[in-house]
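Peer 1: quick one, what's the 3D model for this:
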Amino acid sequence: MALCGPLCFPQSPTVCLSLQAQLSASCVAVIQAACDRPNPANCPITSGELQQALRHRRDSVLGLDRLLYSMLSHAGDNGGERLLDLLNLSWSEGRLPRSWKTAIIHPIPKPRDPAAMHLTSLLSCISKKAERIVCSRLSWHLGPLHPRIYVYHPGRNATHCLASLLRELCGGRGMAIFLDLEKAFELASPAVILEALAAKGVGGKLLTLVHDFFVDRAAGVHFQGHLSPFYYHPNGTPRAAS
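Peer 2: Model (predicted):
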């Protein structure tokens, strides 16, 4: 399956675009080869995976599809079968419907600074369930995260990180370096992520769908009863499923 969509940042400085162009051909070749090779995760999504993804999720504000998590959980046998068919069609095609990658952003005033806004991005409930299934397959394929990584570990937070640091010092002297990288997540390179996954053995339909997850994403802002035109993100590194 041929890949489509950008793998670089169009708004980057000229020198960065030049370097990205030099690396793009080799990256695309590696990623394409990995997408074309057989992979144990190529098998269709099972009803068990869908049921696991539908568990333990409270309803939130409606996204673009106007569906709630409880609607999916109580759709009955026929509804579950149709949802599974839809997910497997997306899986076999190696792409997500555009509506699943379109978010509605709600600006919410911050309590301590009403002039500043906290932006809440709402996505399709179905898309989040699809992401959770893909994330579970990635986790199975890649294995557990490094023990020194404290984010995305259930039950871990910054307190555990600081406690580990203090334990390593054991009353002695040491040096700690704290880096705050602005928009590090939003500006992560999809090409680098995909190439790293390919190097770890991820391929086939799994890598193809992860690639499609990064590209052609859009969002509109809903504010005071009005919805703005949808804007397509050039970077395409959205937040993880929830």
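Peer 1: distance between the ends of stretch 176-183?
Peer 2: End-to-end distance for stretch 176-183: 22 Å, by Cα to Cα, to the nearest Å.
Peer 1: average model confidence for that stretch?
Peer 2: In this model, stretch 176-183 has an average pLDDT of 79.
Peer 1: contacts for it, please.
Peer 2: L165 (Cβ atoms under 8 Å, 6 or more residues apart in numbering). Bear in mind the C-beta positions are built from the backbone N, C-alpha and C, glycine included.
Peer 1: repeat for stretch 77-94
Peer 2: With contacts defined as Cβ under 8 Å, 6+ apart, stretch 77-94 is touched by 1, 35, 44-45, 47, 50-51, 72, 75, 96-97, 100, 126, 129-130, 133, 205, 208-209, 212.
Peer 1: now do 6 Å
Peer 2: 1, 44-45, 47, 50, 96, 130, 205, 208-209 (Cβ atoms under 6 Å, 6 or more residues apart in numbering).
Peer 1: any quick PyMOL command for the buried ones out of those?
Peer 2: Buried residues among the contacts of stretch 77-94 (16 or more other Cβ atoms under 10 Å), as a PyMOL selection:
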select buried, resi 45+50+96+130+205+208+209
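Peer 1: measure the nearest residue to M71 once chain neighbours are set aside to L67 for me?
Peer 2: Among residues not flanking M71 along the chain, C125 sits closest, at 7.7 Å (Cβ to Cβ, 6 or more residues apart in numbering). In this view, C125 and L67 are 5 Å apart by Cβ to Cβ, to the nearest Å.
Peer 1: which of those two has more neighbours?
Peer 2: Legend: neighbour count by other Cβ atoms under 10 Å for C125 and L67, higher for C125 (25 against 15).
Peer 1: wait, that one sits on R66?
Peer 2: No. Taking Cβ atoms under 6 Å as the definition, C125 is not a contact partner of R66, at 9.4 Å.
Peer 1: from the chain's centroid, how far away is the lowest-mean-pLDDT helix or strand in the chain?
Peer 2: Lowest on mean pLDDT, DSSP states H and E among the helices and strands of the chain sits helix 14-36, with a mean of 77. Chain-centre distance of helix 14-36: 20 Å, with Cα atoms, centre = their mean, to the nearest Å.
Peer 1: and it, what's buried?
Peer 2: The neighbour-count criterion (16+ other Cβ under 10 Å) identifies 20, 27-28, 31-32, 34-35 as the buried residues of helix 14-36.
Peer 1: same deal with stretch 112-128?
Peer 2: 122-128.
Peer 1: likewise stretch 141-159?
Peer 2: 141, 150.
Peer 1: before we move on, back to that, after the least confident helix or strand of the chain, which helix or strand is next?
Peer 2: helix 47-53 (DSSP states H and E).
Peer 1: how far away from the center of its chain is that next one?
Peer 2: Distance of helix 47-53 from its chain centroid, counting by Cα atoms, centre = their mean, is 19 Å.
Peer 1: and it, what does it pack onto?
Peer 2: helix 125-142 (3 or more Cβ pairs under 6 Å, 6 or more residues apart in numbering; DSSP states H and E).
Peer 1: need the residues that contact the helix it packs on.
Peer 2: Identification of contacts with helix 125-142 by Cβ under 6 Å, 6+ apart yields 41, 45, 49, 53, 67, 69, 87, 100, 200, 202, 206, 209, 241.
Peer 1: try 7 Å
Peer 2: Contact with helix 125-142 is made by 41, 45, 49, 53-54, 63, 65, 67-69, 72, 87, 90, 96, 100-101, 200-202, 206, 209-210, 241-242, as judged by Cβ atoms under 7 Å, 6 or more residues apart in numbering.
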